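Asks: Predicted model, plus sequence, below.
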Amino acid sequence: MQKNRLGRTDLHVTRVCLGTMTFGQQNTETDAHSQLDYAIERGINFIDTAEMYPVPPHPDTQGATERFIGSWLKKSGKRSDIVIASKIAGPNPAINWVRGAEHNHDAANIRQAVDDSLRRLQTDYIDLYQLHWPSRNVPIFGANSFDPQKERQHVAVEQTLAALDEMVKAGKIRHVGVSNESPWGVCEFIKQSEAKGLPRIATIQNLYNLTARAFESTLLDEVCYREDVSLLAYSPLAFGQLSAKYIDDPKAVGRLTIFPPTWSPRYLRPAVIEATKEYAALARANGMTPAQMALAWCYSRWFVASTIIGATNLAQLKENIDAEQVSLSPEVVAAIDAIHARYTNPGQ
C-alpha cells in the first residue's frame, strides 16, 4: 500500500489509517484485536486513537480504546511496525471526567494525558501526538461560523508547544499535530514554533468527506501545502451516511441509529440526506458501492496524506480498505463536483 510522508518528519504512513473510536463501545476487545490483525495483514501501518475514545464519550468507557490497542500491542509484538497517533482532549466541561473539569492544553494536563495514554497503550512513546480540538474558541463539530461572544480563557499556542516540547525531549512523543483546526490556527502554530524553536506541527486531522469539503473552501489546502502540514482526513463516510445504508434502510444499525440524534445532528440534515442520495446513485451507476466511491475520492485527493477509516465489523473494514484500489474516472469526479455545487458542504 502506498505510503506518504507526514509533514517534514521521518514518519511514512499508509494512505489508509485505521480509526479506532468504536473500540470499547461498538466493538469488544476481541473485535478490536481482529480488526487490528486484519488491517496489519492488509499492509496498513497507521493507527489513530485518542484519550477520550470510545465515542460517544462516557466516564465508564473513557480510555478503553487505548487499552484495547495496548493489549493488542503487547500480544502481537508489532509496536515497532506501527505508527501510533493519539490525541489530548481540549477543554469541554461536558466531559469533566477526562482529567477533571479544568482539562486543557497546559503543561500539567499535557504531562498527565501523555503519561496516561502511554500506560493504557503499553508503550514507551507515541509517534504522533495531536491536540484533539483547540483550547481557544473555534467553531467545530458542526458549528459553521466564528462567534466572538463565545470567547473563553485559553492556553496560548506558545505555552502548549513548550509543554509538547518537554514531552518530545523526554522521548515520550516523537511528533505533534493539531485537529479540528482553522487556517489561522495552523499559521499561528507554525509561527510560534519557528520563532521559539519549538516542535513544528506535522499534521492536521480535520473533517473531510463528500458532504464536508471546507478544507478546500477555506483554503486550508493552500496553507498546508505551503507549510508542509499533512491532512489526516476523518469521517470520510460521514458516520456511515455516505455508505447509503440509512438511505436504503432508515433503521439500519449504526452510529446514526443506535446513538441519540443530538450526538451527530449534522449528518442528519436534510441536505446531507439529499446529497447522499445523489452520490449513491452516481456510484451505483458506475459499478461502485456508495462507500467505495466516497472513500476512493478521499484516497485520491492530492492533499490527503491518510484517510482515517473505521468499521464495526471485518466485512466493512475489507470494503473500506479495498476502496484504496478503486480509481475514479474524470467523468465521475466531474459528476461529484456537480453534486457538490448543488449541495455545498451540508455536513460541515
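Replies: Happy to help now that I have it.
Asks: do you know how far the residue sitting nearest the centre point of the chain is from Arg5?
Replies: Centroid-nearest residue in the chain: Tyr234, 3.7 Å away (criterion: C-alpha atoms, centre = their mean). Distance, Tyr234 to Arg5, using C-beta to C-beta, to the nearest Å: 19 Å. C-beta: built from backbone N, CA, C; applies to glycine.
Asks: Same check on Trp297?
Replies: Distance of Trp297 to Arg5, computed by C-beta to C-beta: 22 Å.
Asks: So between these two, which is more surrounded?
Replies: Higher neighbour count among Trp297 and Arg5: Trp297, with 24 against 14, using other C-beta atoms under 10 Å.
Asks: Now the helix or strand where that one lies - C-alpha only, PDB.
Replies: In the assignment (DSSP states H and E), Trp297 maps to helix 290-300. Provided in PDB are the C-alpha atoms of helix 290-300 (Å, rounded to 0.1, in the frame of the first residue of the first chain):
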ATOM      1  CA  PRO A 290     -21.500   4.300  -2.400                       C
ATOM      2  CA  ALA A 291     -18.900   3.600   0.300                       C
ATOM      3  CA  GLN A 292     -16.300   2.600  -2.300                       C
ATOM      4  CA  MET A 293     -16.800   5.900  -4.300                       C
ATOM      5  CA  ALA A 294     -16.800   8.100  -1.200                       C
ATOM      6  CA  LEU A 295     -13.600   6.500   0.100                       C
ATOM      7  CA  ALA A 296     -11.800   6.300  -3.300                       C
ATOM      8  CA  TRP A 297     -12.500  10.000  -3.700                       C
ATOM      9  CA  CYS A 298     -10.800  10.800  -0.400                       C
ATOM     10  CA  TYR A 299      -7.900   8.400  -1.100                       C
ATOM     11  CA  SER A 300      -7.300  10.200  -4.400                       C
END
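Asks: C-terminal to it, which secondary structure element comes first?
Replies: strand 304-309.
Asks: for that next one, the distance to its chain's centre please.
Replies: Distance of strand 304-309 from its chain centroid, counting by C-alpha atoms, centre = their mean, to the nearest Å, is 8 Å.
Asks: what's the helix or strand hosting Gln35 in contact with?
Replies: Assignment of secondary structure by DSSP H and E places Gln35 within helix 29-41. Applying C-beta atoms under 8 Å, 6 or more residues apart in numbering, the external contacts of helix 29-41 come out as 18, 20, 23-24, 27, 47, 65, 68-69, 71-72, 75-76, 78, 81-82, 311-314, 317-318, 321.
Asks: now the strands for the stretch 201-348 of the chain?
Replies: 201-207, 230-234, 304-309 (DSSP state E, counting those that start in this stretch).
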